[in-house]
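Novice: Predicted structure and sequence below. I'll ask about it afterward.
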Amino acid sequence: MSVFVDQSTKVIVQGLTGSQGKFHGLRNKAYGTQVVGGVTPGKGGQDVEGVPVFDSCEDAVRQTGANASFVAVPPKAAPDAILQAAAAGIPFVVCITEGIPAQDEARVFNVLLRDYPGTRLLGPNCPGIISPGKCNIGITPGEIAEPGGPVGIVSRSGTLTYQALYELKQKGIGVTTCVGIGGDPVPGTSFIDCLQAFEADPDTKAVIMFGEIGGSAEEEAAEFIAKEMSKPVVAYVAGVTAPPGKKMGHAGAIISGSKGTAQAKMDALRAAGVQVGLNPTEAGDLMAEVVKSL
Amino acid sequence: MDLFEYQGKQYFARFGIPVSPGDVADDVDTAVAVADRVGYPVVVKAQVQVGGRGKAGGIKLADDTESVRTHASNILGMDIRGHVVRRLWIERASDIEQEYYASFTLDRSAKKHLGMLSAQGGVEIEQVAETSPEAIAKLHIDPAEGLSENAAREWVQRAQLDPRATEGAVDILQKLYRCFVDGDCDLAEINPLILTPQGKVHALDAKVTLDDNAAFRHGEWEEFAGLTVRDPREELAHEKGLQYVGLDGTVGIIANGAGLAMSTCDVVNQVGGQPANFLDIGGGASAQVMANALEVINSDDKVKAIFINIFGGITRGEEVANGIVQALDQVALRAPIVIRLDGTNAEEGRAILAPHLSDRLRSKPTMLEAAREAVALASGGAAQ
């Protein structure tokens, strides 16, 4: 099994007629994902290499039975696109858009919570999600993911997500699902949401988690792991050398005062019984040991 | 983007938040003219983005034209903890009866807006938070609902401000919240928010951080840009559209993706080196982007070795390799390069680099090995 998405997931791409949406949407389709439609207001009736385009999410859902959406539109349009998908009853929305204003993100997150509790948002500014061999939504290169199990991956940063997949693939370790939650200040899906899903998934036997500086998501995850997780967790936290007060690329990756440092996060994770690697390779090695002992 | 105090006050004024009458001055004569216009006594304030201005002598009270002239000439050009004062803000001095603190920011953990209000203003709020956390009245606000007048009133009462300040504070807090939300601030802070003997409440300082992601809907922000003093390396990187943060070490770092770039800095540190910078070239790096990145790194004369760490995802290995080869022709590099190329089409990429490999361009199969090599080169030797 896998979490959030699998071979039965039917995906529509919001912004399929745009360059990003077309490129990544068709890549996802080529991977084997059921990409059943696209949404671009005013372009309903057209198609993109055989994938039908609809005017609205509501139309797309009605005609295709889609149960997931891939939002690949610019920052200005993304908040409305996410809410439109939710209003159409889509339970899983992946938004890769980078550069959405923090105020919009906070508002969208809380509107979803209040009005559309049945919709889970992944992202924004995330690489997406892949259940190897079954479904790939977003920009993850599918070929670096080893299908099967027993490991689940959750990561904040895009390229580090790939690095995690690659470390495991090189060791021949399969992945149930790999979730990139994104590096923005208000991610729709948190580490805890993913850890919870992996804990409940019978095929996931261990979890590898890649965090980074900023905020307190890793500390909160540590608390959850200590209390609720029976499965072993291996972690890595990027940004040991990051100076305070500077954004390290991601809007969310910033150390404020003494808060949000990599050291504090690693300490919290270790205290929760998590094995912490000092670099991605070391984390991969630690996971290989864990998998051997399963 | 962090605003200077005077910019913050101008921004506040757009949202109807009362501030003292005043204006900016870049020279002594202008300072005097502003002071004469707003009326004495005035406060002459250095405009620098660093704390401790008052202690450094960058804020002075002036009763007349002569003292404005004296203070303005003393403060202009003053070096306050590495920040040279180029601009003054002159405003009418206020009678202060009480000093409060008010701010709005995002609580990432709660995923709500967080308002903080305290009757103990005028000092660093971190100190208040440490010594007497109960003196800060916190309010979580649902971004989908906003701040109602009733909630603001209840909050002001909870913070135990002087009853004479209630109406003014309720009004200012609602306006400050609008400034925070509609004005796309990461932080909107007033410290101190004062109560005058006449019972008026107004903002005596302004600390505003704007969310750069929202610049597309704030054409008015253009007037704020260009005044922030940046590290010259960061200035060049910014011009080239690269995500760059200057550090103090000798190993120049280029990576694709923010997480990988951070991780690369860490690994260099772990094997005994010091990163000179964080540089993320982003996805789909073209030859030009790679050349730009190398140019920025090359402008840093502390750099003794360059570590290029690429994980080809959407970015393909052979494109990266072509980029590096082309960049080598465009930029005369002072330091040798160590490259680790992995992921999509890495084999093809390495094949392209193979004929160009030398003491000046080395390839290593893993992040750790490449980091060791780069660190050894930076410290004058070469790892085997």
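Specialist: Sure thing, it's come through. Numbering: from 1, shown residues only, chains lettered A, B, ... in the order given.
Novice: roughly how far is the strand or helix carrying residue B:289 from the heart of the chain?
Specialist: Here residue B:289, judged by DSSP states H and E, is contained in helix B:287-298. Chain-centre distance of helix B:287-298: 24 Å, with Cα atoms, centre = their mean, to the nearest Å.
Novice: elements contacting it?
Specialist: Counting contacts by 3 or more Cβ pairs under 8 Å, 6 or more residues apart in numbering or on different chains; DSSP states H and E, helix B:287-298 is packed against helix B:232-239, strand B:251-255, strand B:277-280, helix B:317-330. Where C-beta positions appear, they are placed from N, C-alpha and C, glycine not excepted.
Novice: how big is the angle separating it from helix B:317-330?
Specialist: 50 degrees (axes from the mean of the first three to the mean of the last three Cα atoms, to 10 degrees).
Novice: Which element is encountered next along the chain beyond helix B:287-298?
Specialist: That would be, after helix B:287-298 and using DSSP H and E, strand B:305-312.
Novice: Now do that next one, average pLDDT.
Specialist: The average pLDDT for strand B:305-312 rounds to 92.
Novice: quick check, that strand touching chain A?
Specialist: Yes. For strand B:305-312 and chain A, the contact criterion (Cβ under 8 Å from any Cβ of the partner chain) is met by B:311, B:312.
Novice: For that strand, output the C-alpha coordinates as PDB.
Specialist: C-alpha atoms of strand B:305-312 as PDB (Å, rounded to 0.1, in the frame of the first residue of the first chain):
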ATOM      1  CA  ALA B 305      37.800  26.100  -4.000                       C
ATOM      2  CA  ILE B 306      34.400  25.700  -5.600                       C
ATOM      3  CA  PHE B 307      32.100  22.800  -4.800                       C
ATOM      4  CA  ILE B 308      29.300  22.400  -7.400                       C
ATOM      5  CA  ASN B 309      26.700  19.900  -6.100                       C
ATOM      6  CA  ILE B 310      24.000  19.000  -8.500                       C
ATOM      7  CA  PHE B 311      21.200  16.500  -8.100                       C
ATOM      8  CA  GLY B 312      19.600  16.200 -11.500                       C
END
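Novice: quick one: low-confidence ranges for the stretch 1-150 of chain B?
Specialist: For the stretch 1-150 of chain B, applying pLDDT under 70 flags no range at all.
Novice: go again using 80 as the cut-off
Specialist: Scanning the stretch 1-150 of chain B for pLDDT under 80 picks out B:51, B:123-126.
Novice: since we're on residue A:63, how many residues are nearby?
Specialist: By other Cβ atoms under 10 Å in any protein chain shown, 13 other residues sit near residue A:63.
Novice: again, but for the one 10 residues further on
Specialist: Burial of residue A:73 is recorded as 23 neighbouring residues (other Cβ under 10 Å).
Novice: residue contacts, the residue nearest to it when sequence neighbours are not counted?
Specialist: Distances taken as Cβ to Cβ, 6 or more residues apart in numbering or on different chains place residue A:15 nearest to residue A:73, at 3.9 Å, with adjacent residues excluded. Counting by Cβ atoms under 8 Å, 6 or more residues apart in numbering or on different chains, residue A:15 makes contact with A:21, A:38, A:39, A:40, A:71, A:72, A:73, A:77, A:81.
Novice: now the residues you listed: which count as buried?
Specialist: A:21, A:38, A:39, A:40, A:71, A:72, A:73, A:77, A:81 (16 or more other Cβ atoms under 10 Å in any protein chain shown).
Novice: who does the helix or strand hosting the second one touch, helix- and strand-wise?
Specialist: Right, the one you point to is residue A:38. Assigned by DSSP H and E, residue A:38 belongs to strand A:34-39. Applying 3+ Cβ pairs under 8 Å, 6+ apart, one finds that strand A:34-39 contacts strand A:10-14, helix A:19-31, strand A:51-54, helix A:57-64.
Novice: Show me what that strand is in contact with.
Specialist: Strand A:34-39 is contacted by residues A:7-17, A:21, A:25-26, A:28-29, A:48, A:51-57, A:59-60, A:63-66, A:69, A:84, A:135 when judged by Cβ under 8 Å, 6+ apart.
Novice: Number of residues surrounding residue 191?
Specialist: Just going to use chain A. 26.
Novice: Wait, chain B was what I had in mind.
Specialist: Residue B:191 has 20 nearby residues by other Cβ under 10 Å.
Novice: the helices in the stretch 101-250 of chain A, which residues?
Specialist: Using DSSP state H, counting those that start in this stretch, the helices of the stretch 101-250 of chain A run over A:102-115, A:158-170, A:191-200, A:217-228.
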